[in-house]
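*Asks:* this one's sequence-less:
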């Protein structure tokens, strides 16, 4: 059984809404429900329950990749996991894949891509704003994925340096300007995937994809609806995110 | 530039609806729009266009993992890619993960899991019906993923042999019976994920998860809505799959 | 207790999918499950069960407005009840309302509007194709609503004759061309409502509404998802109509 | 052209979010964007634009039934217009209909029903809490619909006094207890309609409806998704109400 060491990071779980990712030290930590003496965690097993000074209970859990991802410092609108998941699978992006991405933004999508191309693949990420790059580097390094990423301070609408890549993934305002470069950079059978908030962007990018003879062009949106599950009174949650963006997937023949 | 060799498999693409995955031989192949002389493909580059004997045009594309997945022989209802994608990312299943799965069924979800745990992870798949196992083995071997899978002809509701696994993924009728075994088999921070077609199954599994002190229990459904994108007349497709199943994700603290 | 008279119309109900609206005569009627001798219905109460010659059971129900509406002869794509319902309420169309409508088409939306403006209101319906008018007149007369409708064989994009109307309701290809006429025809506080299948039509009509100083301009779509309810195995139906059209509602201040 | 008289009610419209329903007096009225001198409205036509003391522009519109409905004093969760609209049409509730309703609550659904049964129909509304009745009476009288409503301080689960009614409409916690009474009260072909927030309520009411031989039993939910329409950047709104309740419709044969 794994015990908690000083210096390791843990998730203090109160509820789905209140979770804290903290480093175990000999200090105190303030939650929304009282103060926790972190030193009492050292040597305890994961899954232990502990109490704040006002008697509220927290469970200590081992943090996962998703916990870190949710806590990325955000300087841009960050892609939702539902969309990132579809990009990865619908683009057949897996261990060993070489992927070109733009823009890097806060690095959230980049992190997901890097997570899946490990250990032999690589993500080439284009970004023009240096301040975004700085934030993304910190975020990516916190999840130990920087080794799988090549960051390029360059405007992808002026061209892609890589050749024979497995996928080009775009989350940027003008994806249609990248279509000709993507066609050149992709290997046969490689995927073009872009995420666009407005339907007008979709119209433009699909038009460009058709002009460059991409095949299997598909546009869809994913709606994620959560439920409040309680025996005898189960129902969907009242509110949901009704729109993040449209995903367009195509491939070079 | 890569050319097509005799014996290799290609995708003959006519439209999103009509695509054929064929092995290149010196024979003829009948499509819904005339006959193609496959021998003319040998030595041609991918992306070439060819004509059937009645003059209809097909593009020759390099097949991808998704093409094979769509063509799995099906003996059970097979999970949709939208759901498989969420299982993979929401369960943090990636290169190196050790995953327990049940039931194997036709092997489609198993194939996706195996694709992502490569090259160092493993999927342990439980299935009680030998005839399903036989089909799944053929399907998995066609996509070269059998090396990453351990198939067990065993009823998972009687227990899980593995320990310290990263995730337990269930697509079966009575997932609540597996909750105690999953709790024992999972490592700290490991994920329990199940796919259930009815809301009543969800109520039962969530109740069992709460009783076993799982945290971060979330139930959601994913709706995928495709669009007909044409400049000036863009609209969602008229029909959609409105329900596949509910996904419940939880983790052991 | 009401009994069935010869000559009256009844609904022979087998299941949600199989229902027959027939006139009671002394003849026989063939269903998908055998033949019914209609003469045995005469004098029986509604709600009676009867058997076909092969022993299948049907219930005899009194038909409602919706039964007739579903059986309208269709020469055009007909509006769905979910959309018609929203048009009526969001447009505050009720007893006494004077409503301009275009195009008439098969008369289904016109019938719903006429049903609700009774007994003192009126629907003025514009249609340019005489063959549609002929079908619509038959449909409307079958549900006894012709008295509440004034059909005009005229192109509504050239102008609206009526003044001071409570609502203008459009289900046609170019609603933006009607916006200036609607502005003139509507009373203060009157509603403009249009149904458009494509998002591009919506962009054009909203632009025109803004230019003509309409207020409270809202565009939405309604998704109707049906459920398969069975104790212990309840779930949404697998397929649904994912798109009929967008509704745009606005009002003249 | 209609002008604004002293004492009449007007809608001061700033945006979809900011609208004020006020009575025109010689006083001043404070908005979120400055003060309006109401006396300047007298004699002006509807549709006029006026300025607050800080120069913000408002349009003066004639209020509609929906404006009043949105401003009902609420003592309970109030039904959404999308659901009320479907209840009215799917239940064929129109001019002349006699409808039984429970519970009255704040009177919002009652108001919609009364609006549509005018001038010859009637809504019989059951409610056990006197404090709700008092609020509902005020709400209904503000929209001049009290004449079409008979309010009964009575528990509908103990029985329905009316006979031969066209529809029974329920928005209450235990609709299944009313099914036998509804069966007795409805005319042949009459509709039973209930609104239920949880799927478990739906299971119970559908079971009861089957036991009492109702036909055409259908359960569905309506999702309303609004759009942000701007030329060149049209997209759905980010958030939506993902769940209000399930509607179950059935009829007595």
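*Replies:* Cool, got the structure. The structure displayed is predicted, hence computed values, not measured ones.
*Asks:* Could you report the neighbour count for residue A:40?
*Replies:* Residue A:40 is flanked by 14 other residues according to other Cβ atoms under 10 Å in any protein chain shown. Yep, even glycine has a C-beta here, placed from its N, CA and C like the rest.
*Asks:* Okay, domains of chain A per the record?
*Replies:* A:9-63, A:68-251 (automatic domain parsing).
*Asks:* between the ones you listed, which one is nearest to chain C?
*Replies:* If you check each of those against chain C by Cβ to the nearest Cβ, domain A:68-251 wins as the nearest, at 5.3 Å.
*Asks:* Quick one: distance of the closest one to the chain centre.
*Replies:* The chain centre lies 9 Å from the centre of domain A:68-251; the measure is Cα atoms, centre = their mean, to the nearest Å.
*Asks:* now check it, is it near chain D?
*Replies:* Yes. Contact between domain A:68-251 and chain D is present through A:197-200, A:225, A:232-244 (criterion: Cβ under 8 Å from any Cβ of the partner chain).
*Asks:* Give the ChimeraX command for selecting the buried subset of the residues you listed.
*Replies:* Per 16 or more other Cβ atoms under 10 Å in any protein chain shown, the buried members of the residues of domain A:68-251 next to chain D correspond to this ChimeraX selection:
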select /A:197,198,199,200,225,234,235,236,240,242,243,244
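*Asks:* Among the residues of domain A:68-251 next to chain D, name the ones in strands.
*Replies:* Where those overlap with strands, as defined by DSSP state E, the overlap consists of A:225, A:235-236, A:239-241.
*Asks:* can you narrow those to ones near chain C?
*Replies:* The subset of these within reach of chain C, by Cβ under 8 Å from any Cβ, is empty.
*Asks:* re earlier: out of the domains of chain A, indicate the one that is most buried.
*Replies:* domain A:68-251 (a mean of 20; mean count of other Cβ atoms under 10 Å in any protein chain shown).
*Asks:* any idea of the mean pLDDT for it?
*Replies:* Averaging the model's pLDDT scores along domain A:68-251 yields 97.
*Asks:* cool, and stretch A:18-31?
*Replies:* Averaging the model's pLDDT scores along stretch A:18-31 yields 94.
*Asks:* Need the residues that contact it.
*Replies:* A:4-14, A:32-33, A:35-39, A:41-42, A:52, A:56, A:58, A:63, A:67-68, A:71, B:216 (Cβ atoms under 8 Å, 6 or more residues apart in numbering or on different chains).
*Asks:* cutoff 6 Å now
*Replies:* Stretch A:18-31 is contacted from outside by A:4, A:6, A:8-13, A:32, A:35-39, A:41, A:63, A:67, A:71, using Cβ atoms under 6 Å, 6 or more residues apart in numbering or on different chains.
*Asks:* Helices along the stretch 151-253 of chain A, start to end?
*Replies:* Assigned helices in the stretch 151-253 of chain A, in chain order: A:179-185, A:199-211 (criterion: DSSP state H, counting those that start in this stretch).
*Asks:* swap in the stretch 1-150 of chain A?
*Replies:* With DSSP H, counting those that start in this stretch as the criterion, the stretch 1-150 of chain A has helices spanning A:65-70, A:81-90, A:108-117, A:130-142.
*Asks:* Need those helices in JSON lines (columns: distance to residue D:87).
*Replies:* Conversion of those to JSON lines gives the following (distance: least, Cβ to Cβ, whole Å):
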{"stretch": "helix A:65-70", "distance to residue D:87": "41"}
{"stretch": "helix A:81-90", "distance to residue D:87": "33"}
{"stretch": "helix A:108-117", "distance to residue D:87": "43"}
{"stretch": "helix A:130-142", "distance to residue D:87": "50"}
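*Asks:* Of all these, which one is nearest residue D:124?
*Replies:* Proximity to residue D:124 (Cβ to Cβ) singles out helix A:81-90 among those, at 46.8 Å.
*Asks:* Contacts for the closest one, please.
*Replies:* Residues lying outside helix A:81-90 but in contact with it, judged by Cβ under 6 Å, 6+ apart, are A:109, A:112, A:116, A:169, A:193, A:222, A:224, A:244, A:249, B:81, B:85-86, B:89.
*Asks:* Now render the helices of the stretch 151-253 of chain A as JSON lines, adding distance to residue D:95.
*Replies:* Formatted as JSON lines, those follow (distance: least, Cβ to Cβ, whole Å):
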{"stretch": "helix A:179-185", "distance to residue D:95": "57"}
{"stretch": "helix A:199-211", "distance to residue D:95": "40"}
